[in-house]
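Enquirer: pasting the sequence and the predicted coordinates here, then a few questions.
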Amino acid sequence: MIPVTKPFLPPKEEYINYLDSIWVSQWLTNQGPLLNELELNLKDYLNVDHLLFLGNGTIAIQLAIKALALKGEIITTPYSYVATTTTIVWEGCTPVFVDIDKNTLNIDPELIEAAITPNTSAILATHVFGNPCDVEAIDRIAKKHNLKVIYDAAHAFGVTVNGKSIFEYGDISTTSFHATKLFTVEGGAVITKDASLLRRIALMKGFGHTSPITFEGIGINGKNSEFHAAMGLCNLKYIDSIREKRKEQYIYYGERLAKINAKKQSLHAECEYNYSYFPLIFETEDVLVKTIQELENYYIQPRRYFYPSLNTLPYLYDSQKCPLSERSAVGSLCLPLYHSLKKNEQDLICRIILRNLNY
């Protein structure tokens, strides 16, 4: 079986060493020593000022919306994982979808201003597959119209643009450490340049506690555990080699599949990419489905990221047309990409795709 991805697991003895320290401290949660160490190490590695390690990437977006006190409409992308839209609705706001750029697959900034109304409070954009949005254009629009900006950077761990972390852009960036991501722990994080925002989120993620018997505002349980922090501390030591391996695999796919009639994502010209995913956009859904069936015949499991286009979700009251996102969603497929994937396995995947497309 070749799955679309596998989590990186460190040498077991390294993790056990951290577990021994947990048994000594008997501290399992509530901002324990390993969690504090991980937050410091992540800030250092990513070169960011303020970061909080949370239970997952979805609650990170929820807390971002709540901390910014957003109301009304939030302009967002239809081409992302469902959590991007779900959190907007969950927090009582209305998603307003703006179509994507067909090459970058990110929200098209040229369409944003036309979607702004008196009820618009923010822009929530996704760095799709870790490819940076046009952050400069979005920043100009947000400042012009006095809007907040949240970036769903779930896929963008370690990505830089214009020489600095992609997490430094917007009012708040959120990310995910789910098992499908480059940095795998299970959890997520919020990053912001605003220390007051960080304090607000820090209170919210711990029920609003300011002491065991006092509270400041409403809160929720957004914390993470010492066990997850231990895995994070282990895996962070290997993140550069994980990234380099994926880069080799990404480039190899690109070389082997250069001639096929499927669109590849155009990366931001000024970014240092993390090579988390290798997406292809096939001409039609029929070609996509046939390709998946052929791969599955050989026990290979690619994945349809991101389907369906979020503007077509059944629980939305007002369906908004986004033809480029809808077209990309029905044709998009991510190929297997992970640290232990072998070149001969990539060769098998490529041969099946080439044969299926008559190359």
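Expert: Received, thanks. Numbers count the residues shown, from 1 in each chain.
Enquirer: for the rest of this, base every contact and every neighbour count on C-alpha atoms.
Expert: Fine.
Enquirer: got the contact list for stretch 302-318?
Expert: 3-4, 77-82, 85, 97, 279, 292, 295, 319-322, 325-326, 329-330, 332-336 (CA atoms under 8 Å, 6 or more residues apart in numbering).
Enquirer: distance between the ends of it?
Expert: 32 Å (CA to CA, to the nearest Å).
Enquirer: kindly report the same for stretch 140-159.
Expert: End-to-end for stretch 140-159, by CA to CA: 21 Å.
Enquirer: next, the buried residues of it.
Expert: 141-142, 147-159 (16 or more other CA atoms under 10 Å).
Enquirer: for E91, what are its contacts?
Expert: Contacts of E91 by CA under 8 Å, 6+ apart are 62, 65-66.
Enquirer: extract the CA atoms of stretch 205-215 and return them as CSV.
Expert: Taking Å, rounded to 0.1, in the frame of the first residue of the first chain, the C-alpha atoms of stretch 205-215 are listed here in CSV:
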residue,chain,number,x,y,z
LYS,A,205,-7.6,28.7,24.8
GLY,A,206,-7.5,28.0,28.6
PHE,A,207,-11.2,28.8,29.4
GLY,A,208,-10.3,32.4,30.2
HIS,A,209,-8.5,31.5,33.4
THR,A,210,-6.3,34.2,34.9
SER,A,211,-5.9,32.1,38.1
PRO,A,212,-7.5,28.9,39.4
ILE,A,213,-10.5,30.9,40.6
THR,A,214,-10.6,34.0,38.3
PHE,A,215,-11.6,34.5,34.7
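Enquirer: among the contacts of E91, name the ones in helices.
Expert: If you go by DSSP state H, the contacts of E91 have 62, 65-66 in helices.
Enquirer: please convert these to a markdown table, extending it with pLDDT, distance to D171 and neighbour count.
Expert: Listed next are the ones in helices among the contacts of E91 as a markdown table, based on pLDDT from 0 to 100; distance: CA to CA, whole Å; neighbours: other CA atoms under 10 Å:
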| residue | pLDDT | distance to D171 | neighbour count |
| --- | --- | --- | --- |
| Q62 | 98 | 14 | 20 |
| I65 | 98 | 11 | 24 |
| K66 | 97 | 13 | 17 |
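Enquirer: I figured S325 was touching P78, is that so?
Expert: Yes: using CA atoms under 8 Å, S325 is in contact with P78, at 6.4 Å.
Enquirer: find residues that contact each of the two.
Expert: With CA under 8 Å, 6+ apart, S325 and P78 have common neighbours 99-100, 309.
Enquirer: from those, pick the one nearest S340.
Expert: Of all those, S340 sits closest to S309, with 31.0 Å by CA to CA.
Enquirer: gap between that closest one and K321?
Expert: Applying CA to CA to S309 and K321 gives a distance of 10 Å.
Enquirer: spell out the residue ranges of the helices in this protein.
Expert: 12-25, 33-46, 57-67, 82-90, 112-115, 135-145, 195-204, 226-236, 239-256, 285-297, 323-331, 343-356.
Enquirer: what's the closest of the ones you listed to L182?
Expert: Judging the helices of the chain by CA to CA, what sits closest to L182 is helix 239-256, at 7.4 Å.
Enquirer: so how far is that closest one off the chain centroid?
Expert: Taking CA atoms, centre = their mean, to the nearest Å, the mean C-alpha location of helix 239-256 is offset from the chain mean by 18 Å.
Enquirer: quick one: residues in contact with it.
Expert: 182-183, 274-278, 337-339, 343, 346, 350.
Enquirer: adding neighbour count, write the residues you listed out as CSV.
Expert: Converted to CSV, those look like this (neighbours: other CA atoms under 10 Å):
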residue, neighbour count
L182, 30
F183, 25
N274, 23
Y275, 27
S276, 24
Y277, 27
F278, 21
L337, 27
Y338, 25
H339, 19
K343, 13
Q346, 18
C350, 18
